[in-house]
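Chemist: Below are the sequence and a predicted model for it; my questions follow.
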Amino acid sequence: MTELVESLLRGLGTGSVYALLALGFVIVYKATRVISFAQPAFMLAGAVLVTYLAGPLGFWVAVPVAAVLTAGLALGVERVAVRPMVGRPAFVVAIITLGVDVAVRVVVNGFIGLDVRHVGDPWGLRTVTIPGTGIDLQQRHLAALLATTVLIGGMFAFFRYTRMGLAMRAAAYDQEAALAMGVSVGAVFALSWGLAGGLAAVAGTFAAAGASVDAALWLIALTALPVIILGGLDSLPGAVVGGLAVGTIQELTATYQQHAPWLGGNVSVITPYVLMLLVLLVRPYGLFGTREVERV
Amino acid sequence: MGRNRPSGTGPRRIAAATVALLLCAATTACRGGDTETDASGVKTDVGVTAEPCPEAVDRNKGCIYLGIISDLTEGPFRALAVPITDAQKAFWKRVNTAGGIGNYEVDVTRWIRDNKYNPQTHNQVYQEMKPNVLALAQTLGSPTTAAILADMKASSVVAAPAAWTSAYAFEDVIVESGANYCLESMNALDYARQAHGVKSVLAVHLAGDYGDDAAAGAKLAAQSLGMTFNAVKTDSGADKQAGAIQAILTGRPDLVILTMGPADAAAIVGQAAARGFTGRFIGTSPTWNPALLQSAAAPALLARYEQTAPWDTYSADTPGHQALRQALGQITPNDGYTSGWVWSYPLKAALTKAAADGDLTRAGLLKAVKSLSTVDYEGMLPSGAGNYAAGPNDGAVRVTAVYRPDRAAPTGVIQVRPLTAGPTATGYDLDRPCYEKL
């Protein structure tokens, strides 16, 4: 039982990172109807920024500063590479984001250098024991879960209670109608990219907490792709639920895969994709995605 | 539209294209394939020119071009690969300054390419440089080199590897140095039994020649020493180690043998220790990076990890190590430099022998490699190392050193056992690549 609960908690910690990344994907998709493949690069850029800023500023200041700087980078990319493509097929814009991802990562890799870098988080690999249970929980997983909860709460409040949040929801629902009502769709696009960049930076930091930042860190962001398909491409709750579900399933599989050795030694790596396929068989638009109805 | 073309145009175009192709082929052959004889009577073919090297010390000498294919930008071993490459540039510069190879100097700067640790990319850049180089001063990685090995054998392209798989002992075109992963793991188990009383072993390894070879060595040694043995394959990526960590925690072996990149190794050691694992870890030489001492896994690494290595670390006191440090000047010590330097000695010996034999063609160089019975490593490996003429088993180098992390050491590790051949590795008959026995 202890092993099961510890696995679940580890999974929630890892899943929090996936959820933050997936939120970024979904926010951009809802605003622009484009899947931004630049998210992995923003995640890597944010984590690398923290490795540089944590020394002079300290970890707690470095993370928000890196998130703001990464949001600025994302805004710049949106303005230079994506905004001119408004009105073009979504597929074309998605391919452009793929190019942006490669370009940004090449530049960021130059800042990583040869050795692995560290975000300087205060948790390391230390654990806390939940009183009276004997259940150990890694501090970094707890921190990731708390940070994700706070950020998600802030995001939902923003969309629900602010004028800009309302404008973003309106633009996501019907861009032309929103334009007609005076909503600046350009500002919505820009803010979406900025938010996605900031979330990716925080996700990258937590992905590297207790571990290292190297050029391969961006690969973690690819797990967010099955998460958003699983949760529903245009669903913010779907991104959160999908991220946490994928994290816990992955961790549970790793813990109990010994009972099915015929599956190989590292089957947990493919579980996000298996889970996605299983969900799509039953719900083709994901768990919380909007069913598209077209007249024929 | 084709129907309106004047009759006869098609055949004329085909004929013109055929002539152009033949001319191209002939030009290429003249440039890169025909055997020529220089003024001093030395035969040459590909990658050897009468013109001086781009950065020649003596502009009256010709140039031998050697290629380097390494993991220079984004692959998992770039922290080792870049210093390996820098050390090789320094090595051949030293050779040139000392008079070169016969009437030639050696260039390893014109054809340096990045393989991103990807076999397809490796083959692509190899094909690109192949018409222009005599041999390869470096081909980094076991799985990547496997992608070009058949072509190398067919074209007699000799190469110094940046890897230690036991398969290289069976390949004439590869001039390997030091104990292979298989023998290194055997030495690791001999050491661990003696130093830590180890009775059970788990090998956590990447798939392919690198990981499989080390795991096979551990398996063969465990069988020989009466230890229990298990193996689990893992993937590259610090986020992909959950299965391996769980296997360690479930099996609770006395010793875990690691064969992967440094970030992966740190993730496994750190997280397994954080979840209560109290056994030992020994990683093959590519698992170490001094920057890991700043990671969250540092306390676990300091307490539970040791590294095996096929030669002494950067700060050792042999003539070869001294020459290495002198050639590189002020750099941050890293054993990538040591490895790049050591790996270059056999190719230098083979080129010197081929030049002395008057045959610097690819075939001549391969013949020289096969005839080498010793290589002067300037004390970096024991005397007798580099006996390619003796065959895989008799020529194999079987010594391994053991290191442990130490914050005060220049490369972050300090020696706990000097280069030693354990009884298991000494008695092992290397009759085929070890990974075939996993």
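Modeler: Received the coordinates, thanks.

Chemist: So for stretch A:255-270, first residue to last residue, what's the gap.
Modeler: 14 Å (C-alpha to C-alpha, to the nearest Å).

Chemist: Whether that stretch contacts chain B - can you check?
Modeler: Yes - counting by C-beta under 8 Å from any C-beta of the partner chain, chain B has neighbours in stretch A:255-270: A:255, A:257-258, A:264-269. To be clear about C-beta, it is placed using only N, CA and C from the backbone, and glycine gets the same treatment.

Chemist: Which secondary structure element of the chain has the lowest mean pLDDT?
Modeler: Defaulting to chain A. Least confident helix or strand of chain A, by mean pLDDT, DSSP states H and E, is helix A:175-180 with a mean of 86.

Chemist: got the phi/psi numbers for B:Ile64?
Modeler: phi -100, psi 120 (degrees, to the nearest 10).

Chemist: ok, it touching B:Asp107?
Modeler: Yes - between B:Ile64 and B:Asp107 a contact is recorded at 7.0 Å, counting by C-beta atoms under 8 Å.

Chemist: rewinding a little: lowest-confidence one in the residues of stretch A:255-270 next to chain B?
Modeler: Minimum pLDDT for the residues of stretch A:255-270 next to chain B is recorded at A:Gly265 (73).

Chemist: ok, that residue - how many residues close by?
Modeler: 21 (other C-beta atoms under 10 Å in any protein chain shown).

Chemist: List phi and psi for the closest residue to it other than its chain neighbours.
Modeler: Leaving out its chain neighbours, the residue that sits closest to A:Gly265 by C-beta to C-beta, 6 or more residues apart in numbering or on different chains is B:Val232, at 4.1 Å. When read as degrees, to the nearest 10, the backbone of B:Val232 gives phi -140, psi 130.

Chemist: Can you list the low-confidence ranges for chain A?
Modeler: A:292-296 (pLDDT under 70).

Chemist: where exactly do the helices run in it?
Modeler: A:2-32, A:39-57, A:59-77, A:90-112, A:139-161, A:163-173, A:175-180, A:185-208, A:219-222, A:224-231, A:236-256, A:271-282 (DSSP state H).

Chemist: one step back: how many neighbours does the residue nearest to A:Gly265 have?
Modeler: B:Val232 has 24 nearby residues by other C-beta under 10 Å.

Chemist: Could you list everything it pairs with in the sheet?
Modeler: When bridges are called by DSSP bridges, B:Val232 pairs up with B:Val204.

Chemist: which residues does it contact?
Modeler: The contact partners of B:Val232, taken as C-beta atoms under 8 Å, 6 or more residues apart in numbering or on different chains, are A:265-266, B:202-205, B:243-244, B:247.

Chemist: Now with 7 Å, please.
Modeler: Contacts for B:Val232 were tallied using C-beta atoms under 7 Å, 6 or more residues apart in numbering or on different chains; they are A:265, B:202, B:204, B:244, B:247.

Chemist: Torsion angles phi and psi at the closest residue to the second one other than its chain neighbours?
Modeler: The spatially closest residue to B:Leu202, leaving aside those adjacent along the chain, is B:Pro253, at 4.1 Å (C-beta to C-beta, 6+ apart). Main-chain torsions, B:Pro253, degrees, to the nearest 10: phi -70, psi 160.

Chemist: roughly how far apart are B:Phe77 and B:Leu381?
Modeler: 22 Å (C-beta to C-beta, to the nearest Å).

Chemist: now for the longest helix along chain B, which elements pack on it?
Modeler: Determined from DSSP H, the single longest helix within chain B is helix B:335-356. Packing contacts for helix B:335-356, counted by 3 or more C-beta pairs under 7 Å, 6 or more residues apart in numbering or on different chains; DSSP states H and E, involve helix B:78-97, strand B:135-140, strand B:159-162, helix B:319-328, helix B:362-371.

Chemist: Which residue ranges make up the domains of chain B?
Modeler: B:43-179+B:315-395, B:181-309+B:400-437 (automatic domain parsing).

Chemist: Generate JSON lines for those domains, with distance to A:Val65 as supplementary columns.
Modeler: Below are the domains of chain B laid out as JSON lines (distance: least, C-beta to C-beta, whole Å):
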{"stretch": "domain B:43-179+B:315-395", "distance to A:Val65": "26"}
{"stretch": "domain B:181-309+B:400-437", "distance to A:Val65": "21"}
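
Chemist: Of these, which is nearest A:Leu146?
Modeler: When the domains of chain B are compared for distance to A:Leu146 using C-beta to C-beta, the nearest one is domain B:181-309+B:400-437, at 18.5 Å.

Chemist: which of the residues of stretch A:255-270 next to chain B are buried?
Modeler: For the residues of stretch A:255-270 next to chain B, a burial check counting by 16 or more other C-beta atoms under 10 Å in any protein chain shown picks out A:255, A:257-258, A:265-269.

Chemist: and the residue at minimal distance from the centre of chain B, bridged to which residues?
Modeler: Central residue of chain B (C-alpha atoms, centre = their mean): B:Ala162, 1.2 Å from the mean position. Following DSSP bridges, B:Ala162 is listed with bridge partners B:Leu140.

Chemist: buried set for stretch A:130-139?
Modeler: A:135-139.

Chemist: which residues are contacting that stretch?
Modeler: Counting by C-beta under 7 Å, 6+ apart, residues outside stretch A:130-139 touching it are A:2, A:5-6, A:9-10, A:13, A:123, A:125-129, A:210, B:274.

Chemist: at 10 Å instead, please
Modeler: A:1-6, A:8-10, A:12-13, A:121-129, A:142, A:144-145, A:209-210, B:271, B:274-276 (C-beta atoms under 10 Å, 6 or more residues apart in numbering or on different chains).

Chemist: Of the residues you listed, which count as buried by neighbour count?
Modeler: A:6, A:8-10, A:12-13, A:121, A:123-125, A:127, A:142, A:144-145, A:209-210, B:271, B:274-275.

Chemist: Counting neighbours, what do you get for B:Gly329?
Modeler: 7.

Chemist: can you pull the contacts of it?
Modeler: B:Ala90.

Chemist: A:Ala144 too?
Modeler: By C-beta under 10 Å, 6+ apart, the neighbours of A:Ala144 are A:12-17, A:19-20, A:123, A:138, A:202-203, A:205-207, A:209-210, A:247.

Chemist: residues touching A:Phe206, list them.
Modeler: Per C-beta under 10 Å, 6+ apart, neighbours of A:Phe206: A:13-14, A:16-17, A:20, A:47, A:63, A:119, A:121, A:123, A:140-141, A:143-145, A:147-148.

Chemist: Oops, could you answer that again for B:Val158 instead?
Modeler: B:Val158 sits in contact with B:66, B:134-137, B:152, B:172-175, B:346-347, B:350-351, B:354, B:362, B:365-366, B:368-370, where contact means C-beta under 10 Å, 6+ apart.

Chemist: same thing with A:Leu166?
Modeler: Contacts of A:Leu166 (C-beta under 10 Å, 6+ apart): A:158-160, A:178, A:183.
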